[in-house]
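In: need a 3D model of the following:
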Amino acid sequence: MLYANKHRWVKRIHPDILPDFGKSGIKKISQLLAKLGDTNISYKFSPLDEDFFTWFTPQYEKQVGSKKNFSGHNVIAKTLHRENKIFPYFSLTVFESDTPVGGVIFTLRKNRLSIAFRVFKPSWDKNPTVRCSPALLAEYLLARHALDNNLEYLAHGVDKNPYGLNASIGLAIFKLSVGCRPEIYFNHEIKDFNTAEYSTDTLVFEYKTGSKVIEEATLMTTLENLPKYEQLMKYEHLLKIKTVLMELNQVSTN
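Out: Sure, this is the predicted structure:
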């Protein structure tokens, strides 16, 4: 199986941005927006500055430091202190009781909002009944920000392929759930993946000659673990999934 080792996620911005989040996402976002003024949850868009990194860097390093095969980034050097910047950097910070629970560093390009780095707590500390996670709220706010700035696309930063061996498969599920589809990154290498050499849950985005958009992926997992990835199968309009059950060496197409 051939695959490109790098890809990015892209979402087209429509005048009505909510449908891209699916029925569950729409419900969660709408419920939070309806009562946002009655909660201690808030957010802020700002030009990127030094103060942002006082909380962002420790939280980012703690989260990515636990990831397998992650080499790390000097985030401030790659953004605010980057030499010869073509586009200025901005930030979105999401707060709970005036304490940051996550944020995003991004640029506004000619036709897209491009995300460079992001980190979020998985849930709220003081709002246990709010079903819309900090990351999901931020994704909606960024899409709306792109729409307000008359941009055509929202682009996430570059991910390494395959998932499971690099970032978590859950990250791919989240990006599909908010309406993003994967595209091959311009600076990539084509590699060969042999399913017989691996025994861990892995999601491989397949390479198709002549196509920029990635349309198919193979999930390697056990029969016991397969229910964990049920949500992955719900986005066939964005990515078709083939499943390899490792114990049975059996391939099924969804």
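
In: what is the closest residue in space to residue 167 that isn't next to it in sequence paired to in the beta sheet?
Out: With sequence-adjacent residues excluded and distances taken as CB to CB, 6 or more residues apart in numbering, residue 167 is closest to residue 159, at 5.8 Å. Using the backbone N, CA and C atoms, a C-beta is placed for each residue, glycine as well. With DSSP bridges as the criterion, residue 159 is bridged to residue 7.

In: helix/strand/coil for the residue most central in space within the chain?
Out: Residue closest to the average C-alpha location in the chain (CA atoms, centre = their mean): residue 175, at 4.4 Å. Three-state assignment for residue 175 (DSSP: H, G, I helix; E, B strand; the rest coil): helix.

In: if I look at it, how far off is residue 4?
Out: Here residue 175 is placed at a distance of 16 Å from residue 4 (CB to CB, to the nearest Å).

In: what about whichever strand or helix holds residue 56, distance to the chain center?
Out: Under the criterion of DSSP states H and E, residue 56 resides in helix 52-65. Counting by CA atoms, centre = their mean, to the nearest Å, helix 52-65 is centred 17 Å from the centre of its parent chain.

In: same deal with stretch 48-66?
Out: The answer for stretch 48-66 is 17 Å, by CA atoms, centre = their mean.

In: let's see the helix holding residue 56 as PDB, backbone CA atoms only.
Out: Extracted C-alpha coordinates of helix 52-65, given in PDB (Å, rounded to 0.1, in the frame of the first residue of the first chain):
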ATOM      1  CA  PHE A  52       0.000  34.100  24.700                       C
ATOM      2  CA  PHE A  53       3.000  31.700  25.100                       C
ATOM      3  CA  THR A  54       3.100  32.000  28.900                       C
ATOM      4  CA  TRP A  55       0.300  29.500  29.100                       C
ATOM      5  CA  PHE A  56       0.200  28.000  25.500                       C
ATOM      6  CA  THR A  57       3.800  26.600  25.500                       C
ATOM      7  CA  PRO A  58       3.600  24.600  28.700                       C
ATOM      8  CA  GLN A  59       0.200  23.200  27.800                       C
ATOM      9  CA  TYR A  60       1.300  22.400  24.200                       C
ATOM     10  CA  GLU A  61       4.600  20.700  25.300                       C
ATOM     11  CA  LYS A  62       2.700  18.600  27.900                       C
ATOM     12  CA  GLN A  63       0.200  17.400  25.400                       C
ATOM     13  CA  VAL A  64       2.600  16.700  22.500                       C
ATOM     14  CA  GLY A  65       5.300  15.300  24.700                       C
END
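
In: which strands and helices sit next to that helix?
Out: If you count contacts as 3 or more CB pairs under 8 Å, 6 or more residues apart in numbering; DSSP states H and E, helix 52-65 packs onto helix 75-78, strand 89-96, strand 99-108, strand 112-120.

In: quick one: which of the ones you listed is nearest residue 53?
Out: Among the helices and strands packed on helix 52-65, helix 75-78 comes nearest to residue 53, with 5.1 Å by CB to CB.

In: and that closest one, which residues are buried?
Out: Within helix 75-78, the residues that qualify as buried are 75-76, counting by 16 or more other CB atoms under 10 Å.

In: shaky segments in the stretch 101-250 of the chain?
Out: Residues of the stretch 101-250 of the chain that meet the criterion pLDDT under 70 lie in 248-250.

In: now do the helices in it.
Out: Using DSSP state H, counting those that start in this stretch, the helices of the stretch 101-250 of the chain run over 134-148, 169-177.

In: centre of the chain to the shortest one, how far?
Out: Relative to the centre of its chain, helix 169-177 is centred 6 Å away, using CA atoms, centre = their mean.

In: what residues are up against the residue nearest to the centre of the chain?
Out: Shown in contact with residue 175 (CB atoms under 8 Å, 6 or more residues apart in numbering): 9, 156, 182.

In: okay if I get the helices of the stretch 101-250 of the chain as JSON lines plus distance to residue 84?
Out: JSON lines is the format used below for the helices of the stretch 101-250 of the chain (distance: least, CB to CB, whole Å):
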{"stretch": "helix 134-148", "distance to residue 84": "25"}
{"stretch": "helix 169-177", "distance to residue 84": "29"}
